[in-house]
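Got a predicted model here, sequence first, then my questions.
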Amino acid sequence: MPLPPRRPLAGQPNATPATSDSGMVKLLADILHHTAPSTWPSALAAPLLRQRLAPAHVSSLLVLPASLGRPDLSRRFLLLLPSHLVSPVSLSLLALSFLSSSPSSPASSPHAASLLLSLVSSTPSASSSFSSLSHANTLATFRPGAATAAVTLLASSYLRLRRARDAADVLRLSLSSGIAMKQYTASQILFALIKIRQFALARDLFDEMVQCKFPLDEYVYTAGIRAYCEIRNLDGARGLLTRMESKGVKGSAVPYNVLMYGLCRNNRVLEAVEVKNSMVGRGIVADEVTYRTLVYGFCRTEELEMALEMTDDMLSLHFVPSVASCSFMVDGLRKRGHVDKAFRLACHLGELGMVPNLFACNALIDKLCKDGRFREAERLFRGMANRGLEPNVVTYAILIHSLCKRGMMDDALCMFDRMREKGIRVTVYPYNSLINGYCQHDNFHQARGLLNEMVEKGLAPSAASYSPLIAGLCRKGDLASAMELHREMARNGVSGNVYTFTTLISGFCKDGNMDEAARLFNKMIDSSVVPNEVTFNVMIEGYCRVGNVRKAFQLYDQMVDRGLTPDNYTYRSLISVLCLTLGAMKAKEFVDDLENNCVVLNSFSLTTLMYGFCKEGRLTETFHIWDEMRARGVKLDLISFTVIVYAALKLHDREKISVLFREMKEKGVKPDNVFHTCMIGVHSKEENIVQALNCWDKMIADGCSPNVVTYTVLINHLCKSGYLTSAQILCEEMLVGRFLPNSFTYNCFLDYLANKGELEKAKVLHATILEGCLANTVTFNTLIKGFCKAGQIQGAIDLMQKNTESGFFPDCISYSTIINELCKVGDINTAFQLWNEMLYKGLKPDIVAYNILIRWCNIHGEFDKGLGIYSDMVKNGVQPNWDTYRALFLGASLMTTKGKTLLLTT
C-alpha cells in the first residue's frame with residue numbers, strides 16, 4: 001500500500017512552485033530579466049535561494065532564450081554567484097552564448113576567452129573541459145561556427161597556460177567529435193608540442209588529423225614536417241611535402257626550409273639541395289633562410305668549398321649572410337687549420353658590411369687564446385689593422401684576459417692603456433681580467449686601485465670584480481678586509497654570488513671561526529644564493545676541523561636533501577673527523593655504508609681511513625685497507641704509499657718496506673720531501689737516530705733536498721733525546737744553507753729547556769724568538785707548560801697575561817694547561833675562574849679541555865659541576881670520547897662509595 005503524502009513539519013512552508021526545479025529557474029529568470037542589477041545581491045541572499053540553489057538551476061537559466069540573447073547580462077549575474085554554483089557546463093553555455101551573439105571573429109570576444117580560461121582552471125583534465133563544452137553545445141541552438149570557435153579558444157587557453165599536452169587532447173577530441181578547430185590553432189598546438197620536445201606525440205597527432213580528413217594548410221604541414229624531422233623520419237617528412245604539393249596547398253619557402261634544415265642536421269645536405277632545386281622549379285623563390293640553411297649543412301659536413309660557393313651565390317642575390325653562417329664557415333676553416341682562409345673570409349665579409357667586421361676575427365682570436373696558441377692570436381691581432389679590421393673592445397678584452405692568465409700583467413696593462421688611447425669605450429670585462437690577474441699575484445693594492453678607477457669612471461662593478469679581491473684577502477688571512485669589501489659590495493648594490501660567499505666561508509673555516517662561517521652560510525641562503533657542492537664541502541670540512549661531528553653530518557644530510565651529490569672531498573672530511581673523534585672503526589662503518597650504497601671512494605678518501613687506523617696503532621686494519629684498495633684497482637698515489645710505508649716502518653717489517661719501495665718504483669711514484677720527512681719522523685719517535693740519519697742520506701741520494709720541516713723534525717728528535725749539541729749544529733747548518741729556522745724549529749729548543757726546568761734559559765730564548773717576530777701562541781704555550789711542570793703556576797698565569805699584552809692571545813691549550821695544574825694541587829676554584837675567563841673571551845674548549853675539568857671535578861668530589869661541564873660539552877656539539885666516559889664513570893663510582901646515586905644520561 002503506498003505511503004500517504006508526508007505532511008510538512010510545523011514552521012516548514014508548503015511546497016510551492018518556487019521550491020521545485022522549474023520554479024527555481026523561473027525565480028532566477030525573474031531576478032535576472034525583470035529586476036535591476038542593483039537588487040540582485042539582496043535577492044540572491046534570500047534564505048530560500050541560498051539554501052536550495054544548485055548548479056543545475058544556473059545552467060537551466062542560461063539555456064533560456066532570454067539568457068542566450070543577453071550573455072553580457074548573464075555574465076554579470078554569474079559573477080555574483082558563489083563559485084560552487086557555476087558549473088563547467090554553465091561556463092561553456094555562457095561562452096557559446098557570447099560567440100553566438102558576436103558576429104565578429106572569436107578573437108574579438110574576450111569574454112568568451114576569459115570564460116573558457118576559467119573552465120580550464122575549474123576542470124581536472126582537458127577531457128572534462130571538452131566534455132562540458134560538448135554537452136553545453138547540445139543544450140541549445142547556437143550560431144553556426146560557435147562550437148568551432150569555442151573549441152579553438154579552449155585549446156588556446158591550454159596553450160596560454162603552457163599545457164601543450166592538454167591542448168593536444170582537445171584537438172584529438174575535436175577530431176573524434178566532428179567539431180572542427182581553426183587550422184592556425186591546430187598548427188600552434190603541434191609547434192607547442194615540438195617546443196617541449198614531444199616530437200612523437202606531435203607526429204601522431206598530425207597523422208590523426210590526416211586520417212580524420214582535417215583540412216590542412218601550409219602551417220599545419222610545416223609543423224608536421226618539423227615533427228617528422230625531429231624524430232629523424234626524414235623520408236616521412238619528404239612524403240608530407242610531396243603530399244602538400246599534390247593537394248595543391250599554396251605554400252611559401254617555409255616548409256621547404258624546415259625540411260632542408262632537418263636534412264642538413266642529419267648530414268644529408270645533398271638531398272637538401274635537391275629540395276631547394278625542386279622548390280625553385282615550382283616557382284617558389286629561395287629566401288635568405290634557404291641559403292643560410294644550406295651553408296650550415298655544408299659546414300656541418302665540412303664541405304667548406306661548397307659552403308663558400310653557396311655564400312657567393314647569396315651575395316650575388318644581395319642576401320645578407322647571417323652571423324651564424326659566418327661563424328660556421330670560419331670555425332670550419334679553423335678546424336681544418338686554414339687560419340689564412342678564415343681570416344680572408346672575415347675580411348671579405350667585413351668589407352661588404354654584411355656582418356660585424358670583427359666577429360669572425362674575434363672568434364678566431366678567442367679560440368686561439370683558449371687553445372694556448374697565443375703567438376698566432378697576437379699575430380692575427382697585429383695584422384687586423386693592416387687588413388682593414390680595426391680591433392674593438394671585444395678584441396682587446398680577449399687579449400687582455402689572455403695576458404692576465406699568463407701572468408703578463410705589464411703587457412696586459414699596456415694593452416689596456418692602448419685601448420683607452422684609441423678612444424675605445426672600456427667595459428667592465430677588461431677591468432675584471434686585470435683585477436683577477438693582480439690578485440693572483442697578491443698585488444692587492446694595484447687591484448684595489450683598478451676597482452676604484454672603474455667606479456670613478458661610472459662603470460658598475462659586478463660580483464666578478466669583487467670576488468678576486470675577496471678571495472685574495474681570504475687567502476692572505478686578512479678576513480676583516482675581506483668582510484669590509486663584502487659589505488662594500490652590498491652598499492654598491494652588487495649581490496654576492498655563490499663564489500663570493502663560498503670564498504668568505506672558506507676563509508673563516510680555515511681560521512676556525514665556525515660561528516661566522518655559519519652566519520655567512522645562513523645569510524647566503526637568505527639572500528637566495530643557492531649553495532653548491534663546494535660550499536657544503538667547505539662548511540663540512542670546517543666543522544670537521546674543529547671536531548664538531550654532529551654539525552658536519554647535519555650539513556651532509558642537508559646537502560643530500562637538496563639534491564646535491566657529495567664527492568670524495570665530502571667523504572674525506574667526514575672520514576677524517578670520525579677517525580679523530582670516534583675512532584677509525586666508526587669511520588670504517590661509515591665507509592662500509594657508503595660502499596653498500598654504491599659510492600665509489602678514491603685514494604683521497606680511503607687513504608684518510610688508512611691513516612686513521614695507522615694513527616691508532618691498528619696496523620693490521622691499516623694493511624687490510626691497503627689490500628682492499630689494491631684489489632679494487634684504486635689508483636695509489638704518493639700519499640697512500642707514505643701512509644703504508646709509515647705503517648710498515650712501525651711494524652719493523654723490512655721485507656714489506658722493501659716490497660713497497662719496489663712497487664713505488666714500478667708505478668713511477670717518486671718519493672718527495674714529505675715522504676722522506678715522514679720516514680725520518682718515524683725513526684725519530686722510536687729513538688732510532690741511526691735509521692733517521694740513514695733516511696736523511698737516502699733523501700739526498702734521491703735528489704730531494706731537506707727543507708725546513710725536515711730539519712725541524714730531526715732537530716726535535718735530537719732535542720727530545722737529549723742531544724742538544726747535535727741539534728744546535730744542525731740548526732747552524734740550516735742558517736748556512738738556504739733555509740731559515742722557523743718558530744717550530746726554535747720551539748724544539750724551547751721545549752727542551754722547559755722540560756729540563758731551565759726556565760731562565762728558556763725565558764731568554766723566548767725573548768730572542770719574540771724579538772725575531774717568530775713567537776706565536778705555540779711558543780708561549782711551551783713556556784707555560786715549563787712553568788707548570790716546575791710547579792710555578794702563578795708564573796704561568798703571569799706569562800699568559802704578558803702574552804696578551806704582547807699581542808699573542810692565549811688559546812684553549814694555554815688555559816687547559818694551567819687549569820690542569822691548578823686542579824692537581826686542589827685549587828679547583830681558581831681553575832673554574834680561569835675556565836670562565838676562557839669562555840668570556842670567546843674561546844671554545846676542545847675535548848681535551850672538557851675531559852680535564854670533568855675528571856678533576858669528580859676526583860675532588862665536585863660531581864654536580866662535573867655533570868654540568870659534561871652537559872655544556874654536549875650542548876656545544878663536542879662529541880664525548882672514551883676519556884670523557886672514563887671520567888664520568890669515575891665520578892659515578894666515587895658517588896656510589898659515598899652512598900649517593902647517579903643518573904647519567906648521555
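In hand now; what should we look at?

Which residue ranges make up each domain of the protein?
475-566, 744-810, 830-906 (automatic domain parsing).

how about a markdown table for those, with distance to residue 462 and mean pLDDT added?
Using the backbone N, CA and C atoms, a C-beta is placed for each residue, glycine as well. Putting the domains of the chain into a markdown table (distance: least, CB to CB, whole Å; pLDDT from 0 to 100) gives the following:
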| stretch | distance to residue 462 | mean pLDDT |
| --- | --- | --- |
| domain 475-566 | 6 | 91 |
| domain 744-810 | 38 | 77 |
| domain 830-906 | 36 | 76 |
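
now the ones you listed in CSV, with distance to residue 696 and mean neighbour count?
Below are these laid out as CSV (distance: least, CB to CB, whole Å; neighbours: other CB atoms under 10 Å):
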stretch, distance to residue 696, mean neighbour count
domain 475-566, 32, 18
domain 744-810, 16, 18
domain 830-906, 33, 16
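
For residue 62, which of these is the nearest?
Residue 62 sits nearest to domain 475-566 of all the domains of the chain, at 47.6 Å, using CB to CB.

of all the domains of the chain, which lies closest to residue 726?
Of all those, domain 744-810 sits nearest to residue 726, with 11.9 Å by CB to CB.

Now find how far off-centre the closest one is within its chain.
47 Å (CA atoms, centre = their mean, to the nearest Å).

Turn the domains of the chain into TSV, including distance to residue 365.
Shown next, in TSV, are the domains of the chain (distance: least, CB to CB, whole Å):
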stretch	distance to residue 365
domain 475-566	27
domain 744-810	49
domain 830-906	54
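
Now the terminal residues of stretch 384-403, how far apart.
Using CA to CA, to the nearest Å, one end of stretch 384-403 lies 19 Å from the other.

Contacts for that stretch, please.
If you take CB atoms under 8 Å, 6 or more residues apart in numbering as the criterion, stretch 384-403 is touched by 343, 346-347, 350-351, 357-358, 361-362, 365-366, 369, 374, 377-378, 381, 409, 411-412, 415-416, 418-419, 424-427, 429-430, 433-434, 437.

where does the stretch 251-400 of the chain have low pLDDT?
Along the stretch 251-400 of the chain, the model assigns pLDDT under 70 to residues 323, 346-347, 349-358, 383, 385-389.

residue ranges for the helices of it, please.
Secondary structure of the stretch 251-400 of the chain (DSSP state H, counting those that start in this stretch): helices located at 254-265, 269-281, 288-300, 304-316, 323-335, 339-352, 359-370, 374-386, 393-405.

and the residue nearest to residue 444 when sequence neighbours are not counted, what is it in contact with?
Closest residue in space to residue 444, ignoring its immediate chain neighbours: residue 472 at 5.6 Å, by CB to CB, 6 or more residues apart in numbering. When contacts are counted by CB under 8 Å, 6+ apart, residue 472 touches 439, 440, 442, 444, 447.

ok, now residue 820?
With contacts defined as CB under 8 Å, 6+ apart, residue 820 is in contact with 788, 852, 856.

could I get these as JSON lines with secondary structure and distance to residue 140?
Formatted as JSON lines, these follow (DSSP: H, G, I helix; E, B strand; the rest coil; distance: CB to CB, whole Å):
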{"residue": "788", "secondary structure": "helix", "distance to residue 140": "102"}
{"residue": "852", "secondary structure": "helix", "distance to residue 140": "92"}
{"residue": "856", "secondary structure": "helix", "distance to residue 140": "95"}
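
wait, which of those residues is closest to residue 128?
residue 852 (73.4 Å).

Would you agree residue 88 is in contact with residue 129?
Yes. Counting by CB atoms under 8 Å, residue 88 does reach residue 129; the two are 6.8 Å apart.

Can you select the buried ones among the contacts of stretch 384-403 for me in ChimeraX?
Selection of buried members from these for ChimeraX, criterion 16 or more other CB atoms under 10 Å:
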select :343,346,347,350,357,358,361,362,365,366,369,374,377,378,381,409,411,412,415,416,419,424,426,429,430,433,434,437
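
Just give the number of residues close to residue 380.
Per other CB atoms under 10 Å, the neighbour tally for residue 380 reads 23.

Quick check: it touching residue 343?
Yes. When contacts are counted by CB under 8 Å, residue 380 is listed as touching residue 343 (6.6 Å).

And for stretch 654-665, what's in contact with it?
Outside stretch 654-665, the residues that reach it (CB under 8 Å, 6+ apart) are 641, 644, 645, 648, 649, 670, 671.

on that earlier part again, out of the domains of the chain, flag the one nearest residue 158.
Nearest of those (CB to CB): domain 475-566, 30.1 Å.

From residue 539, how far off is residue 875?
20 Å (CB to CB, to the nearest Å).

got it, and residue 624?
For residue 624, the distance to residue 539 - CB to CB - is 32 Å.

what sits against residue 577?
Here residue 577 is in contact with 543, 544, 545, 547, 548, 549, 552 (criterion: CB under 8 Å, 6+ apart).

out of these, what pair is the most spread apart?
Most distant of the contacts of residue 577, by CB to CB, are 545 and 549, 11.6 Å apart.

wait, doesn't residue 564 sit right on residue 532?
Yes. Assessed by CB under 8 Å, residue 564 is found in contact with residue 532 at 7.0 Å.

Can you tell me what sits against stretch 169-189?
Under CB under 8 Å, 6+ apart, the answer for stretch 169-189 is 125-127, 129-130, 134, 137, 147-149, 151-152, 154-156, 158-159, 164, 167-168, 205, 208-209, 212, 214-217, 219-220, 222-223.

any idea of the mean pLDDT in that stretch?
Averaging pLDDT along stretch 169-189 gives 88.

Could you pull out the buried residues of it?
Neighbour count says stretch 169-189 has 169-175, 179-183, 185-189 buried, by 16+ other CB under 10 Å.

For the stretch 551-700 of the chain, give me the ranges with low pLDDT.
686-687.

between the contacts of residue 820, which is closest to residue 43?
residue 852 (85.5 Å).

give the contact list for the closest one.
Applying CB under 8 Å, 6+ apart, the residues contacting residue 852 are 816, 819, 820, 823.

Secondary structure, distance to residue 700 and pLDDT for those - can I get that in TSV?
Formatted as TSV, these follow (DSSP: H, G, I helix; E, B strand; the rest coil; distance: CB to CB, whole Å; pLDDT from 0 to 100):
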residue	secondary structure	distance to residue 700	pLDDT
816	helix	41	85
819	helix	45	83
820	helix	42	86
823	helix	48	84
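
need the residues you listed in a markdown table with distance to residue 733, can you?
Shown next, in a markdown table, are these (distance: CB to CB, whole Å):
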| residue | distance to residue 733 |
| --- | --- |
| 816 | 36 |
| 819 | 40 |
| 820 | 37 |
| 823 | 43 |
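
Which two among these are spaced furthest apart?
816 and 823 (10.2 Å).

Quick one: the helices in the stretch 51-200 of the chain, in order.
Using DSSP H, counting those that start in this stretch, helices in the stretch 51-200 of the chain cover 55-62, 65-69, 71-79, 88-101, 110-122, 126-139, 146-160, 164-177, 183-195, 199-211.

Same question for the longest one: list its buried residues.
The reference is to helix 146-160. Buried, per 16+ other CB under 10 Å, within helix 146-160: 146-159.

count of neighbours near the residue lying closest to residue 279 once chain neighbours are set aside?
In this structure, residue 279 finds its nearest non-sequential neighbour in residue 256, 4.4 Å apart by CB to CB, 6+ apart. The burial count assigned to residue 256 is 27, neighbours taken as other CB under 10 Å.
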